[in-house]
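S.K.: My questions are about this predicted structure, shown below with the sequence.
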Amino acid sequence: MARLPALAASLVLTFCCAPAVAQQPPAPAATPPAAAPPGEGTPEITVSGQSKPVDPIDGPTVFLSPMGEPFRSEDKLSGAEHWFVQADKDNDRRVTKAEFQADAARFFATIDTDHDGVIGPEELLHYETDIAPEVMVTSTYGDVSKIKVDSDGKLTDPPYPTRLGAGRYSWIITPEPVIAADANMDRGVTKLEFEVAAAARFKILDRNGDGVLVRAELPKLSTPRGGQ
Ligand SMILES: [Ca+2]
Ligand SMILES: [Ca+2]
Ligand SMILES: [Ca+2]
């Protein structure tokens, strides 16, 4: 019992000094080993604190994050894996809701170029034309040469989509994921609207409802490049 005040003080210090995106504080020595949470998300941490190698998320190189940020992988990893790794700030192989919201806030700040807390019409246009042209409904994003029409006159191979805009590259099926957050439809996306949208999208992706996203529960994306 004598340890409790010290532990409490340590926790207070940890939280009062933590940044908005808190990293997982080191486990106090007095804390008994926690029971492993159920489900597939249980991370395997070695004694050195390093995660064991994971199977990266498979998928196409081009990926639009749940909030619409483009990831265009230039290595063998999928764009989705690149998103996951940078969203999982504490590298525990789970993206918590807090990490997800922090990732959304970081992206919001990059497209709110005048820093007024609203993605306005000009900033939306900049997003849709320069940052993520994939959101354009008719965009074939550089693969025009691969468009094919079969004998029925039906477009066959990708890049022509079965989904539209960003939905071709994202787990969230919406053509334009930023404006989709505009709840009151005034062509401006406030920080609050973005946060609310992020919470809703997290809930969609957290299929087992345990409050964290792990690689295995995320939807599989097919490659919208080239024929099968
Ligand atoms: Ca994490
Ligand atoms: Ca703005
Ligand atoms: Ca989950």
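M.R.: Here it is on my side, so go on. Residues are numbered from 1 along each chain as shown. Ligands and ions are numbered 1, 2, ... in the order given.
S.K.: Let me know whether stretch 201-214 sits next to ligand 3.
M.R.: Yes - Stretch 201-214 reaches ligand 3 (Cβ under 5 Å from the ion) through 206, 208, 210. Yep, even glycine has a C-beta here, placed from its N, CA and C like the rest.
S.K.: Just the pLDDT at Ile53, thanks.
M.R.: Let me fix one detail, which is that residue 53 is Pro and not Ile. Note for Pro53: predicted pLDDT of 76.
S.K.: A helix includes it, no?
M.R.: No - Pro53: not assigned to a helix; according to DSSP: H, G, I helix; E, B strand; the rest coil it is coil.
S.K.: ok, it - how many residues close by?
M.R.: 7 (other Cβ atoms under 10 Å).
S.K.: so how far is Arg93 from it?
M.R.: 10 Å (Cβ to Cβ, to the nearest Å).
S.K.: Identify the spatial nearest neighbour of Asp88, chain neighbours not counted.
M.R.: Once flanking residues are discounted, Asp88 sits nearest to Val95: 5.1 Å by Cβ to Cβ, 6 or more residues apart in numbering.
S.K.: you'd agree that neighbour is up against Ala87?
M.R.: Yes - taking Cβ atoms under 8 Å as the definition, Val95 is a contact partner of Ala87 at 4.8 Å.
S.K.: list the residues that contact both of these two?
M.R.: Asp103 (Cβ atoms under 8 Å, 6 or more residues apart in numbering).
S.K.: Looking at the two, which has the bigger crowd around it?
M.R.: Val95 (28 against 21).
S.K.: Relative to Gln86, how far out is that one?
M.R.: From Val95 to Gln86 the distance is 10 Å (Cβ to Cβ).
S.K.: anything in contact with each of those two?
M.R.: Contacts common to Val95 and Gln86, judged by Cβ under 8 Å, 6+ apart, are Asp103.
S.K.: before we move on, the earlier item: distance of the residue nearest to Asp88 relative to Asp112?
M.R.: For Val95, the distance to Asp112 - Cβ to Cβ - is 22 Å.
S.K.: Then Trp171?
M.R.: 23 Å.
S.K.: try Ala166
M.R.: As judged by Cβ to Cβ, Ala166 and Asp112 stand 19 Å apart.
S.K.: coming back round to it: of the residues of stretch 201-214 next to ligand 3, buried ones?
M.R.: Asp206 (16 or more other Cβ atoms under 10 Å).
S.K.: Closest one of the residues of stretch 201-214 next to ligand 3 to ligand 2?
M.R.: Closest approach between the residues of stretch 201-214 next to ligand 3 and ligand 2, by Cβ to the ion: Asp206, at 29.4 Å.
S.K.: from what I can see that closest one touches Pro219, true?
M.R.: No - under the criterion of Cβ under 8 Å, Asp206 lies out of contact with Pro219, with a separation of 11.9 Å.
S.K.: Next, count neighbours for Ala199.
M.R.: For Ala199, using other Cβ under 10 Å, the count is 13.
S.K.: Based on its surroundings, how many neighbours for the nearest residue to Ala180 once chain neighbours are set aside?
M.R.: Once flanking residues are discounted, Ala180 sits nearest to Thr174: 4.5 Å by Cβ to Cβ, 6+ apart. Residues lying near Thr174 (other Cβ under 10 Å) number 21.
S.K.: so Thr174 sits right up against Asp182, yeah?
M.R.: No - at 11.5 Å, Thr174 and Asp182 do not qualify as touching, with contact defined as Cβ under 8 Å.
S.K.: got a list of what Arg201 touches?
M.R.: When contacts are counted by Cβ under 8 Å, 6+ apart, Arg201 touches 66-67, 172.
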